[in-house]
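Enquirer: predicted model, plus sequence, below.
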Amino acid sequence: ITVYFHAILSKDFKLNPETHKVFIRAEGISPYANWKENICELICTKHLEEHGYLIEGTVTLAKGIINKYIPYKYWVSCGEGEYEFIYKNSESSNHVNRCLFIRDSLVSNGEWHQYDDIVCKASVMKSVLKMFLRDKTKDVVKGKIIAANIMLENIFSILGTWSPDNLRNFLFQLKQFYVVTKDPRVYDGRQMQWTELNFGTQQVNDLLLKYMSKIALPFLAPEGAKASQEDVVIKSKLALGLTILTVVERLELPRFKSSLADLCSLLCLDKVSQQTILDENHQITKTFAAVTSLKVHLTELCQRCIDNEVDQWVWILPLLHFLAAPLQHDRLPMEEDTWAGLEGLPFAEIRKKQDMGTLLQLMKEKKYLMEFDRTLVKSWISVLPLKSLPEFIQDFSSDLLVTLQGVSYRLENIDLSWNSSEVLESLLKTLLRTLDEKWARALEARSWKSCLTCCLKLHKRVCKYLKWGRWYALPATSAMIISKVANLQPTAVPQDAGQEIPVVEVFNEALRDTRTWFRNALTKKLLNEHLEYVTFSFYWELQAWDEFVKIRFPDGQFTETWKKTLLADLERRIQEELPVNQILVYCCQHCKFTELDSSIDWCFCNCATEAVTAACQTQRNLLEKISSYNMGRFSQLVSTIVVKSWPVKGGQSEDDFDEILHHMLTWPDIKHIFSFNGTNTDLLEKLTDEAKNVMATADSVFTSVTADIWKGCILVKHLEEVLQHEKQFICIWEINEFSFRAPAAVKELKELLQRRQEEVTLLRKEKKAIGTFLSMCRKVQASVKVDVGELEFEHLEDLRSKRLNTVVNVGKRPLQTYYSWSPKLKEFAQKMHSLKDSLIFQQFWEEAAQKAGEDYESSEEEEEENIVPTLDLDNVFSSLISPCFVNYERLYDDLRSGSLTLAAVDTIFQEFTNHPEDIRTELSTICELAPGEDRDWVDQRFQQIQQYHEMHLTFDAAKIIANVKEILNLSGDFGVLENLLDIVKKLESYKTQKLDSISPELMHAKRLLEGITVNRRGCLRELAQQKEFVFWVREALKDINELKVFVDLASISAGENDMDVDRVACFHDTVHGYSSLLYELRQESGFEDFMRCLTKLWRALDSDENLPKKLVS
């Protein structure tokens, strides 16, 4: 092994290089005698002024010394000769020597370089040596630093000539220097570390980093100081930067943030010709290829810069790309890190940082780098935060495809928050503007197809990830980008263009994505309803549709398809609203449509017009709803409403006078129709001919009816229609042809209508009375016939089709109709009409008819069988009407006074026994005989009659209770029961008693027994009929507790006989059910005790409805 010694000889030796020599003497190196023979001679290679001389020597030794600790010293032949002195206290009282340790792993090509520090001369004052050594340690360290810097300069000088061998030697020698220097050792009887110096790895690292910073400084100086580069050993800035990078990585030196930016500056390519860059890169990288992996080191440097937030790492990307293997193709799909040349770097995390303003500035500073590296623009696009991309694209981009690809990558899986949406909007608009640049218009055919496909992906991602419709400009802009790129189509298309997506399919995909975005963004229905108007649920929706439908594509046919499809979607959205709201939105929001594409206005107008038919089914005041807006702008819509609201028959507008009049008087919007003739003549001129015809018809009908009312010759049905809708009629009359009617004229019309009302009311009243009279006569025709003659014929005539002046003396007072009957008959016929629903009145009417028939039969001298007498209108009053009313009025008087006998109640109210509420109705009806008198008596009579009808039920229950009392031999107070029986007996015996005899006391007593229903009466009745059983049970079983014992014995006796077993069970149930009466009543118990025990019996009966049958069995 060849060992090279490098050291600094102190000037204290006063060496004369011409006459004096320096040698290495050692111990343990064969075949040299220990400390006797000179092993290696060192010569002075450089005079170092105040530091002495750089001495160097070489010797070839046996490999046996490798990995052994060898003590050695420098021996100087000045005078008698002397060894160097090592200023360290000896721990073994021996001489302290240097220590040589050759590491086998660090030997290169059989060579080892031993880099020592300053060779010192011993002090003259040996007596004070120990004191001197205490202060000499600092000097020793300083000496080591001085020597190390000289050695480093010597080592780096190797690279003065750039070659692979020199670089390899440099790295090995530097490593050997580093290992020897950072671990100072001496030999004091044994090898040991020189710990007192406190000089180790940290100090050597600092020393090496400072030295490299010093030699790099000339390349980092401002432009004016470049002359200092002439003194540097390594002439290439790039070579120096790569060397420093390699040293730092190989020796694992600490990486300080302050030095990272300088290192990036060294590795940044200079602004020279591209060929110069290529030549230099090729030479330098070829040199480094044999010793290290620059790509790995550069990637690690970038990572270190990223970790320390040193943005200058973006300057070294061109060098990194140069060292990387070139891409085989430049087409998608590929991962973004591959596309951008950023494999292994966390670029996705970098761009998330918000404070990245300096990064773009650093890129601008080195913009020329893009001329050397096509991939750099991709890297920078991928690294920059999204908000910086618009400015970057505007200042840097010159390749449309790369720009589109970069933006497309950036939008993959993007989380579009509110802030990022603003940034994205700016980005897309910048992209759109760049398409007008000259470089963007100079596209090759293949690039154009790729750009178009990329634009589609961009549009897809925007439509997919954008959740807020408020940012509709984003998908609209991305769609416009597709349109603009499509316009850049070059004339020449390559033969394999078919491999790309067809252009029309790109357009269709964009359309599908746009429609999907609308569906996802429009999460609410189109409109919000308010009291009198509607608003859009999304304030931005109209602008969104407008932005999209205005987009134009180079393919005119597809542009039409695009627009029609989107408008169809808008139309469907409009049609999902209520028809009325479709009309309202067109009118109340019309001012907004004027600012948009005309097709949107057409769409809303069309929907509103088509919605009229359905709206008319639910809303009859459409014109009123839109009247507050300028209807002159909606003449087509108004025309449609007028026509569609008009009665239609057989597909044509109705011409029937009656139907038109009814429609005019019931259609709330009719006042607007007539206003068009007066105050809104401008709109009238814009209406369609069909609408004008409708208005002319309405005017004609109204004019005719008005004239007939004044003359009194109006048809009754038309008059009744007008009177039913008088307010609407007057409203139309006021509007028609005049903007204002005088109050006096309106008053006059109202008075006229009032007179016509009286006339037609009388006519109708008499017709109804005649109808009731004729009906009553037909009901009794089995007893007597009434010759109604011409009166029935007149009644059958249809008054509605007659003119008023033919059936009433129009304009004269008192009013008279054309009906042929006497005033007296008319009076009573009208009374009969008010009493027509009374069953009692009909009963009296039939009785009067029977009486009249019987009187007629008795007056005939010769009886003829089956002859029904006939009465004319002159004697029908005396024979039929008068007797009926006399009896009915007598009934009214008796009821009102309470003097109606119970016998009369039985006769007259017999049919109402099971229908008590009908009694109240009858009593209310009979009061119509005297409308002015009070009716306070009605409720009392109603209760009295109802209680009387129920009295027999109460009497039945009272008699059964009395029988049970006798059987049980009860002697207590049953006074209430006895009084009730006494009262009821009197009422039954004397039917001539008055209704008022049913006193409150009687009704109270009755209420006590109301709960005893038919089933309960049957239960008590069976007990009353089983007198012997009751006596036997009470005798045999003195107490209810004995029942169980008795039943158990009877069951044993019955054995397995089913019939006997059933009898025992019935006996048990019967005695237990009736036990409250059999055992809980004492002899002195009274009525109240009895009623209380009945409550328990009713519960037993509810549980076992067969209890009375078991008693019998």
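Expert: Thanks, I have it.
Enquirer: count of residues packed around the residue lying closest to Trp540 once chain neighbours are set aside?
Expert: Residue nearest to Trp540 in three dimensions, not counting chain neighbours: Arg470, with 5.6 Å by CB to CB, 6 or more residues apart in numbering. Placement of C-beta: from N, CA and C, glycine included. Burial of Arg470, expressed as a neighbour count using other CB atoms under 10 Å, amounts to 15.
Enquirer: for Arg470, phi and psi?
Expert: Backbone geometry at Arg470, expressed as degrees, to the nearest 10, gives phi -50, psi -30.
Enquirer: for Thr523, see how far away it is.
Expert: With distances defined as CB to CB, to the nearest Å, the gap from Arg470 to Thr523 amounts to 12 Å.
Enquirer: try Val232
Expert: For Val232, the distance to Thr523 under the criterion CB to CB works out to 69 Å.
Enquirer: about what we covered before: distance of the residue nearest to Trp540 from Ala510?
Expert: The span separating Arg470 from Ala510 equals 21 Å under the rule CB to CB.
Enquirer: same check, this time on Lys11
Expert: For Lys11, the distance to Ala510 (CB to CB) stands at 85 Å.
Enquirer: which one's more surrounded, those two?
Expert: Ranked by neighbour count (other CB under 10 Å), Lys11 and Ala510 place Ala510 first, with 27 against 16.
Enquirer: and the more buried one, what is it in contact with?
Expert: If you count contacts by CB atoms under 8 Å, 6 or more residues apart in numbering, Ala510 has them with 456, 459, 479, 482.
Enquirer: just the element for it, please.
Expert: If you go by DSSP states H and E, Ala510 is part of helix 503-521.
Enquirer: swap in Ile393?
Expert: Assessed by DSSP H and E, Ile393 sits inside helix 389-396.
Enquirer: same for that helix, what does it pack against?
Expert: helix 357-365, helix 376-383, helix 400-410, helix 418-434 (3 or more CB pairs under 8 Å, 6 or more residues apart in numbering; DSSP states H and E).
Enquirer: okay, now Lys727: neighbour count?
Expert: Applying other CB under 10 Å, I find that Lys727 has 8 neighbouring residues.
Enquirer: mind checking pLDDT for it?
Expert: Confidence at Lys727, expressed as pLDDT, is 92.
Enquirer: please state the offset of the host helix or strand of it from the chain centre?
Expert: For Lys727, the element it lies in under DSSP H and E is helix 726-735. In this view, helix 726-735 has its centroid 50 Å away from the chain centroid, taken as CA atoms, centre = their mean, to the nearest Å.
Enquirer: give me the buried positions along it.
Expert: Buried residues in helix 726-735, counted by 16 or more other CB atoms under 10 Å: 726, 728-730, 732-735.
Enquirer: and the residues you listed as TSV, adding distance to Ala290?
Expert: As requested, the buried residues of helix 726-735 are arranged in TSV below (distance: CB to CB, whole Å):
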residue	distance to Ala290
Glu726	115
Gln728	108
Phe729	113
Ile730	113
Ile732	109
Trp733	113
Glu734	111
Ile735	107
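Enquirer: from those residues, which is closest to Phe392?
Expert: Of all the buried residues of helix 726-735, Phe392 sits closest to Ile735, with 69.9 Å by CB to CB.
Enquirer: how close does the closest one sit to Cys605?
Expert: 28 Å.
Enquirer: for the helix or strand in which Arg1092 is found, give me every contacting residue.
Expert: Here Arg1092 sits within helix 1087-1103, counting by DSSP H and E. The set of residues external to helix 1087-1103 that reach it, using CB under 8 Å, 6+ apart, is 961, 965, 970, 972-977, 1008, 1011-1012, 1015-1016, 1019, 1072-1074, 1076-1077, 1080-1081, 1107.
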